[in-house]
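Novice: generate a structure from the sequence data that follows.
(chains A and B)
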Amino acid sequence: MKPPRFEYAAPHKTDEAVALLSQHGDRAKVLAGGQSLVPLLNFRLARPEVLVDVNRVAELAYVRPLESGVAIGALTRQHTVERADVIRARLPIVAAACRLIGHLPIRHRGTIGGSLAHADPASELPAVMVALEAELTVTRRGSRRTLPAEQFFTGMLTTALAPDELLTEVRVPGLPPRTGSAFIEIARRAGDFALVGIAALVTLDDGGRVTRARLALCGAGPMPVRAREAERVLVGERPDGRVLDEAAEKIAAATDPPSDIHASAAFRKKLARHLGRQAIELAVRRAGGGS
Amino acid sequence: MKRSVSVISLTVSGVRHEVAVEPRRLLVDCLRDDLGLTGTHIGCEHGVCGTCTVLVDGESVRSCLMLAVQADGATITTVEGLATDGALDPLQQAFREAQGLQCGFCTPGMLLLAWELLRDHPSPSEAEIREAISANLCRCTGYQGIVDAVQLAAERHAVAAGAAR
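Specialist: You can find the predicted model right below:
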């Protein structure tokens, strides 16, 4: 079908965009890359009265190295992030996850902020940002606030964003030395939404013991799932056979996946266990540990 | 704030157009219905099949997931822009010879995906070709003929580049 009628504004500045959101409140919807919103408009599942198109707000498209970590403007295209040198060098897990988002034509348009604000539980970036403990900057007219990724996601397709707020920046803190990372997922076909995916970050000490672990999954519940119990199992241990088995069990236990035509909940749990173990092993190897 | 029609300017396959569109006009419908460029096909209208793929400022996008007003000022390449003076682009020629199409419905989108791939990666592996074209659906060929066609075009390009050296 075709989109319903709407009023349309294409501001050039963040200030103008948030002024429009403040003026129109929940009558308005933000259009970023449009790879989820335009299908919803075409299906007429979304019928905003006002569309605030932020694609011309050039000041929100950047990848900037911080002293430690990286700041990513919310409008930065996924394909730009995937190729950015500073991302590849400092946060290869973000590049790896972006590469798994849909297909190239989708990543050319799709934005970092759009993917996070849409908060599809099967999508990669929310889980990765939860694992990385990213800080999300949210701007409204005259003020801004920052919240941890984990608090940003509040439920299925739901975030802490108020109708007059715009997600403007994602700040990813630097990783400790000797940290390895991995993002892996299983999808039925290349480019499909993952049945389950997992982000793993593991930091080792000189003796090869885990000092820090961060694990978060997509496709495993109504929002990104952080597997804290599994992280606790790893810390202080050498990540080998028994410890990995136990961590993998805890990962599966942390999930509450959906059943749909693509996979049953039980199968997704099984995948979470196997993928979780693989992701930890890969992260450990990249941290310079393991056998 | 615009609700009614506004005039946008698009350069499509080298030709500049000014066209009046409602904000809700999809780029694909603007190309087909307003500009009469029906080479771009429309299939699913929700970003799954990829048949409406065009290049906007040199990058592949699904024109059913973009509003025409968003393309104001952009340079667009559609399948109409591939041939030169009535002669098929080498990629189109390869599709013809290697049977990279049957019914032809997915062909415009496949051509633009493959054209972009060969522009950015002139000697792609089979896996890279398959990954690139996995963005779009074809229900006739089983994809093998399309992969063969892209490989054929890449080989000919390599031979031509070698001869030119």
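Novice: please make it C-alpha for all contacts and neighbour counts, starting now.
Specialist: Noted.
Novice: where does the residue nearest in space to the middle of chain B land in three-state SS?
Specialist: By Cα atoms, centre = their mean, the mean C-alpha position of chain B lies nearest to residue B:112, the distance being 3.0 Å. Using DSSP: H, G, I helix; E, B strand; the rest coil, the structure places residue B:112 in helix.
Novice: pretty sure it contacts residue B:61?
Specialist: No: using Cα atoms under 8 Å, residue B:112 makes no contact with residue B:61, being 9.8 Å away.
Novice: common neighbours of those two, please.
Specialist: B:53-55 (Cα atoms under 8 Å, 6 or more residues apart in numbering or on different chains).
Novice: out of those, grab the one that's most surrounded.
Specialist: Highest neighbour count within the shared contacts of residue B:112 and residue B:61, by other Cα atoms under 10 Å in any protein chain shown: residue B:53, with 32 neighbours.
Novice: point out where the chain drops to low pLDDT.
Specialist: Picked chain A for this. Across chain A, the stretches falling below the confidence threshold (pLDDT under 70) are A:290-291.
Novice: switch to chain B, that's the one I care about
Specialist: Counting by pLDDT under 70, the ranges of chain B that qualify are B:1-3, B:165.
Novice: which parts of it are strands?
Specialist: B:6-12, B:15-21, B:53-56, B:59-62, B:75-77 (DSSP state E).
Novice: any residue of the second one touching chain A?
Specialist: Spelled out, it's strand B:15-21. No: Strand B:15-21 stays clear of chain A (Cα under 8 Å from any Cα of the partner chain), getting no nearer than 12.0 Å.
Novice: list the buried ones in that strand?
Specialist: Neighbour counts over strand B:15-21 (16 or more other Cα atoms under 10 Å in any protein chain shown) mark B:19-21 as buried.
Novice: list the helices and strands it packs on?
Specialist: On a contact count with 3 or more Cα pairs under 8 Å, 6 or more residues apart in numbering or on different chains; DSSP states H and E, strand B:15-21 meets strand B:6-12.
Novice: report the distance from stretch B:96-110 to the chain centre.
Specialist: In terms of Cα atoms, centre = their mean, to the nearest Å, the centre of stretch B:96-110 is set 12 Å apart from its chain centre.
Novice: other residues contacting that stretch?
Specialist: By Cα under 8 Å, 6+ apart, stretch B:96-110 touches B:39-41, B:50-54, B:78-79, B:94-95, B:133, B:136-138, B:140-141, B:143-149, B:152.
Novice: and it, C-alpha only, in CSV?
Specialist: Coordinates of each C-alpha in stretch B:96-110 appear next as CSV, following Å, rounded to 0.1, in the frame of the first residue of the first chain:
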residue,chain,number,x,y,z
ARG,B,96,21.5,-11.7,-21.4
GLU,B,97,24.1,-14.2,-22.3
ALA,B,98,24.3,-16.1,-19.0
GLN,B,99,20.6,-16.2,-18.5
GLY,B,100,20.6,-13.9,-15.5
LEU,B,101,16.9,-13.5,-15.9
GLN,B,102,13.8,-15.3,-16.9
CYS,B,103,10.6,-13.3,-16.3
GLY,B,104,12.6,-10.1,-15.8
PHE,B,105,10.7,-8.7,-12.8
CYS,B,106,13.6,-8.6,-10.4
THR,B,107,16.1,-7.7,-13.1
PRO,B,108,16.3,-3.9,-12.8
GLY,B,109,17.0,-4.2,-9.0
MET,B,110,19.5,-7.1,-9.5
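Novice: name the residues of that stretch that come out as buried.
Specialist: Counting neighbours by 16+ other Cα under 10 Å, stretch B:96-110 gives B:96, B:98-101, B:105-110 as buried.
Novice: and stretch A:15-31, by the same measure?
Specialist: Result for stretch A:15-31 [16+ other Cα under 10 Å]: buried residues A:16-22, A:24-25, A:28-31.
Novice: check whether that stretch contacts chain B.
Specialist: No: using Cα under 8 Å from any Cα, stretch A:15-31 stays clear of chain B, with a minimum separation of 9.6 Å.
Novice: give me the contacts around that stretch.
Specialist: Contacts for stretch A:15-31 (Cα under 8 Å, 6+ apart): A:11, A:37, A:48-55, A:139-141, A:163-166.
Novice: domain parsing for the chain?
Specialist: Defaulting to chain A. For chain A, automatic domain parsing gives the domain ranges A:7-53, A:58-173, A:179-286.
Novice: try again with chain B
Specialist: Split by automatic domain parsing, chain B gives B:6-81, B:90-164.
Novice: just to revisit the earlier point, of all the domains of chain A, which lies closest to residue B:121?
Specialist: Of all the domains of chain A, it is domain A:58-173 that lies closest to residue B:121, at 13.7 Å by Cα to Cα.
Novice: please look at residue A:131 and residue A:226 and confirm they touch.
Specialist: Yes: using Cα under 8 Å, residue A:131 is in contact with residue A:226, at 7.2 Å.
Novice: what about residue A:108, distance to chain B?
Specialist: 7 Å (Cα to the nearest Cα, to the nearest Å).
Novice: return the helix or strand in which that residue is found as PDB; C-alpha atoms alone will do.
Specialist: According to DSSP states H and E, residue A:108 maps onto helix A:104-109. The C-alpha trace of helix A:104-109 is given here as PDB (Å, rounded to 0.1, in the frame of the first residue of the first chain):
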ATOM      1  CA  LEU A 104      23.600  -3.200   2.000                       C
ATOM      2  CA  PRO A 105      20.700  -1.100   0.600                       C
ATOM      3  CA  ILE A 106      19.200  -1.100   4.100                       C
ATOM      4  CA  ARG A 107      22.500  -0.100   5.800                       C
ATOM      5  CA  HIS A 108      23.000   2.700   3.400                       C
ATOM      6  CA  ARG A 109      19.800   4.300   4.800                       C
END
